[in-house]
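Chemist: What follows is a predicted structure for the sequence shown.
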Amino acid sequence: MYTPRAFALDDLPELQQLIQHTRLAQVVTFGEQGLQASHLPLLLNPDEGPNGTLYGHLAKANRQWQDLQNGSEALVIFAGAEAYISPSFYPAKVEHGKVVPTWNYLAVHAYGQAEVFTDAERLLTLVSALTDRHESARDQPWKVSDAPTDYIDGMLKAIVGFALPIQRLEGKRKLSQNRSAADIAGVREGLAASSDLRDQTLARFIPKEPT
């Protein structure tokens, strides 16, 4: 990932926090079938290995799991908050007009080689943990145990799990840090005033000072 120094994110706890706040990741591999990508919810164990370990599963019919089994390095993309940045946000537009549009965003790229598993007990633990995570905010959370046991047993036979120790992490926080303090404030105020919730979300990440 192209990352100018002003936008680099190197702090491991921050990187792991962004990973955990991203609900759907993109897992990319290259193998005998060429480039493949799947959109998957993942779990991070931040204390397992130097950078943490990611857990997820693929449909057995999705042949991408074979790339993982064959030792292909995986790139896992966690795309965070993002927003279009209008030149109109910058006071510099009035001062000299030498401004152009850009895009601000948060992103983490994780790299590693995965272990694939099909053990039913291990898969059940994984899908239960994923379900509990995403059901936790509901008043009456659904649990895997709510479904008939024989039905769940059949569903587990149709998936392949994987554990991916993160060997390398790259993080990027492109938040107008290379602009003047006045322009940064203009970006933050412009996004906060937007009717788009995605813009409002990114506004909370905009710093107060240039880097």
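Modeler: Perfect, I can see it now.

Chemist: Which pLDDT value goes with the nearest residue to residue 191 once chain neighbours are set aside?
Modeler: Distances taken as CB to CB, 6 or more residues apart in numbering place residue 203 nearest to residue 191, at 3.7 Å, with adjacent residues excluded. Just so you know, the C-beta spots here come from the backbone N, C-alpha and C atoms, and that holds for glycine as well. We have a pLDDT of 97 for residue 203.

Chemist: again, but for the one 5 residues further on
Modeler: Each residue has a pLDDT score; the one for residue 208 is 84.

Chemist: Now do the contacts for it.
Modeler: Counting by CB atoms under 8 Å, 6 or more residues apart in numbering, residue 208 makes contact with 181, 184-185.

Chemist: same question, residue 31
Modeler: For residue 31, the contact set (CB under 8 Å, 6+ apart) comprises 66-67, 70, 72.

Chemist: and it, bridged to which residues?
Modeler: Note on residue 31: beta-bridge partners by DSSP bridges are residue 34.

Chemist: Please report how far it lies from residue 113.
Modeler: If you measure residue 31 against residue 113 using CB to CB, to the nearest Å, the figure is 12 Å.

Chemist: quick one: common contacting residues for those two?
Modeler: residue 72.

Chemist: hey, which helix is longest across this protein?
Modeler: When the chain is scanned for its longest helix (criterion: DSSP state H), the result is helix 120-135.

Chemist: now what about the next helix or strand along the chain from it, what contacts it?
Modeler: Sequence-wise, the next helix or strand downstream of helix 120-135 (DSSP states H and E) is helix 149-156. Contacting residues not belonging to helix 149-156 are listed as 120, 123-124, 127, 144 [CB under 8 Å, 6+ apart].

Chemist: Quick one: the strands in this protein, in order.
Modeler: Applying DSSP state E to the chain gives strands spanning 8-9, 25-31, 34-40, 43-45, 53-59, 74-85, 102-112, 115-117, 159-165, 168-174.

Chemist: Who does the residue nearest the centre of the chain form a beta bridge with?
Modeler: Central residue of the chain (CA atoms, centre = their mean): residue 78, 1.9 Å from the mean position. On the basis of DSSP bridges, residue 78 is bridged to residue 108.

Chemist: Would you mind checking which helix or strand in the chain has the lowest mean pLDDT?
Modeler: helix 92-95 (a mean of 78; mean pLDDT, DSSP states H and E).

Chemist: quick one: residue 90 and residue 183 touch, right?
Modeler: Yes - contact criterion CB atoms under 8 Å: residue 90 and residue 183 qualify, at 4.4 Å.

Chemist: returning to what we had before: now do the longest helix of the chain: distance to the chain's middle.
Modeler: 19 Å (CA atoms, centre = their mean, to the nearest Å).

Chemist: buried set for it?
Modeler: For helix 120-135, the neighbour count (16 or more other CB atoms under 10 Å) marks 123-124, 126-127, 130-131 as buried.

Chemist: Where neighbours are concerned, which of the contacts of residue 208 has the most?
Modeler: Neighbour counts for these (other CB atoms under 10 Å) peak at residue 184, which has 22 neighbours.

Chemist: what residues are up against that one?
Modeler: 176-177, 206-210 are the contacts of residue 184 under CB under 8 Å, 6+ apart.

Chemist: Just the buried residues out of those, in ChimeraX syntax.
Modeler: Selecting only the buried entries of the contacts of residue 184 in ChimeraX, with 16+ other CB under 10 Å as the criterion:
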select :176,177,206
